[in-house]
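J.: coords please:
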Amino acid sequence: MDTDIISAFAKIGRLNQLKKLFSHHQLVITPMIYEELAVSLEYGYSFPKDIFGQLNIVSPTDEEEHEYHRLLTSKRALGKGELEAICICTKRSGIFSSMDSAALKYAETNGVVTLTLHSILRSFWVSGLLSRTSVKSLIRDIEEKDHMEIADVDLIFDDV
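T.: Residues are numbered from 1 along each chain as shown. You can find the predicted model right below:
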């Protein structure tokens, strides 16, 4: 997971629901994502503590770290956390999730399976973990607490 989706769920106090949705998978962060989140603590935000308490940090192997350092110079538009996570996902067949369209596109072009926020929200509804009303409430909470607008919400509820 990239910083943005995990942060959004932590900010609204629903990281447990995200973990429940992915109960058959391990949600992890990388050291660079940890560092990005730690900066928020310096600005007085407490949500990273929830993330640090619930998710493990997966460190890159020497090979993954070498690839990460190589990409730092050529993919300057992507954040360090995104690049590190994509390198790890590439080598370990992991799933990369982000709200950053450029990071998602780069991951996909490198053969990494990706999940968008819309896919995650839709999965809550389709799986029956949350009702349509509860997903709509989740969307409102994310928009309010994360100061963002989730576009094309109707696509989340298209008939299955």
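J.: sec struct for residue 13, please.
T.: Assigned by DSSP: H, G, I helix; E, B strand; the rest coil, the conformation of residue 13 is coil.
J.: For it, grab phi and psi.
T.: Dihedral angles of residue 13 (phi, psi; degrees, to the nearest 10) stand at phi 70, psi 30.
J.: Check the burial of the nearest residue to it once chain neighbours are set aside by counting its neighbours.
T.: Spatially, and ignoring its direct neighbours in sequence, residue 13 is nearest to residue 50 (7.6 Å; C-beta to C-beta, 6 or more residues apart in numbering). Where you see a C-beta, it was placed from the backbone N, CA and C, and this is true even at glycine. Residue 50 has 18 neighbours, counted by other C-beta atoms under 10 Å.
J.: my guess is residue 135 contacts residue 124, does it?
T.: Yes: using C-beta atoms under 8 Å, residue 135 is in contact with residue 124, at 5.3 Å.
J.: can I see the domain layout of the protein?
T.: 3-116, 119-157 (automatic domain parsing).
J.: Please compute how far the longest one lies from its chain's middle.
T.: Computed by C-alpha atoms, centre = their mean, to the nearest Å, the separation of domain 3-116 from the middle of its chain amounts to 6 Å.
J.: separation between the residue nearest to residue 97 when sequence neighbours are not counted and residue 69?
T.: Excluding the flanking residues, the one nearest residue 97 by C-beta to C-beta, 6+ apart is residue 115, at 4.2 Å. Distance of residue 115 to residue 69, computed by C-beta to C-beta, to the nearest Å: 26 Å.
J.: Compare these two and say which is more crowded by neighbours.
T.: residue 115 (16 against 13).
J.: so what's the more buried one scoring on pLDDT?
T.: Residue 115 is assigned 94 on the pLDDT scale.
J.: you'd agree residue 94 is up against residue 88?
T.: Yes: with contact defined as C-beta under 8 Å, residue 94 counts as touching residue 88 (6.1 Å).
J.: More neighbours: which of these two?
T.: Set side by side, residue 94 and residue 88 show more neighbours around residue 88, with 22 against 19, by other C-beta under 10 Å.
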